[in-house]
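Colleague: Fold the stuff below for me.
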Amino acid sequence: MKVPTPHNTATMDEIANVVIMPGDPLRSKYIAEEFLLDTKLVNNVRGVQGYTGYWKDKRITVMASGIGIPSISVYAYELYNFYNTEAIIRVGTAGSIQEDVKVGDVLFAETAFTNSSFLNDFKLPGAYVPRADKSLLNRAVEIAKEKEIVFHVGSVLTEEIYYSQQENIVEWWKERGISAFEMEAAALYANADQAGKKALALFTVSNCILTGEEMDVMIRERALNDMIEIGLDTAWELA
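Modeller: Below is the predicted model:
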């Protein structure tokens, strides 16, 4: 398929080889304005904003994914298969289901289980479990240690439905060691694996599903910025 696509008006040379991917288009705009230099808006189809600029002298694109498996799959698939993108680093929020994974902490998703059937449409082994690129994960962990940021490496559940009606879903996944719930990581990892590319999903824990605790507005910006900087510094290694 030729570019631009129906979902992305960027030309081939307007997308960097590494993409930072928040869910929220306004967070994409925030990252571009607050962290990148010499930014250019390269996509705004359906308000899914994408910008390309410079982080510490290297060219990086930040583009939103929207919410959920179908939405991130559109953008990740096109970036991996139609553009020259080699790696996508998702920066988002997740809801903790473990007592030691606290609101405000950073979580790296080493693996992403899912209760969706979307993997049936991928040409991947039957026992396949979506997982992060090991080199990206290791570098992100090193950066978090250098910055003295509280972090966890664990597994997430990529949910298909935000308001799930399943009974005891939290308790079932908690007992199996899942750290948090979110809605995109498994789809990102599967798209990366099928394309032979790299992916990493990292999250700021914005709430605790067990207790109902929500991130305090006073720490939200700092906590999100910590995660964003880890993502950008990890991307810088590949850019």
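Colleague: For stretch 158-167, buried residues please.
Modeller: The neighbour-count check on stretch 158-167 (16 or more other Cβ atoms under 10 Å) flags 158-160 as buried. All C-beta spots, glycine's among them, are computed from the backbone N, C-alpha and C.
Colleague: And stretch 2-17, by the same measure?
Modeller: Per 16+ other Cβ under 10 Å, stretch 2-17 contains these buried residues: 4-5, 8, 10, 14-17.
Colleague: possible to save those as TSV with distance to A112?
Modeller: Compiled in TSV, the buried residues of stretch 2-17 are given as follows (distance: Cβ to Cβ, whole Å):
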residue	distance to A112
P4	29
T5	25
N8	24
A10	27
E14	29
I15	24
A16	24
N17	23
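Colleague: out of the buried residues of stretch 158-167, which one sits closest to F203?
Modeller: Distances from F203 to those, taken as Cβ to Cβ, are shortest for T158 (11.5 Å).
Colleague: sec struct for the residue nearest to the closest one when sequence neighbours are not counted, please.
Modeller: The shortest distance from T158 to any non-neighbouring residue, by Cβ to Cβ, 6 or more residues apart in numbering, is to A186 (3.6 Å). Using DSSP: H, G, I helix; E, B strand; the rest coil, the structure places A186 in helix.
Colleague: close enough to count as contact, A186 and G68?
Modeller: No: between A186 and G68 no contact is recorded; they are 11.0 Å apart, counting by Cβ atoms under 8 Å.
Colleague: Those two: which is more packed in?
Modeller: For A186 against G68, the residue with the higher neighbour count under other Cβ atoms under 10 Å is A186, and the figures read 29 against 18.
Colleague: just checking, what packs against the helix ranked longest in the chain?
Modeller: When the chain is scanned for its longest helix (criterion: DSSP state H), the result is helix 217-238. In terms of contacts (3 or more Cβ pairs under 8 Å, 6 or more residues apart in numbering; DSSP states H and E), helix 217-238 is packed against strand 18-21, helix 25-34, strand 50-55, strand 58-63, strand 87-96, strand 106-114, helix 134-146, strand 198-208.
Colleague: who's in contact with it?
Modeller: Where contact means Cβ atoms under 8 Å, 6 or more residues apart in numbering, the residues beyond helix 217-238 that reach it are 17-20, 27, 31, 34-35, 55-56, 58, 60, 86-87, 89, 91, 93, 104, 106, 136, 139-140, 143-144, 147, 149, 198, 200, 202-204, 206, 215.
Colleague: Dihedrals phi and psi, the residue in the chain sticking out farthest from the centre?
Modeller: Summary for the chain: using Cα atoms, centre = their mean, the residue whose C-alpha lies farthest from the chain's mean C-alpha position is E167, with a distance of 27.3 Å. In terms of degrees, to the nearest 10, the main-chain angles of E167 are phi -80, psi 140.
Colleague: how close does it get to D105?
Modeller: The spacing between E167 and D105, counted by Cβ to Cβ, to the nearest Å, is 28 Å.
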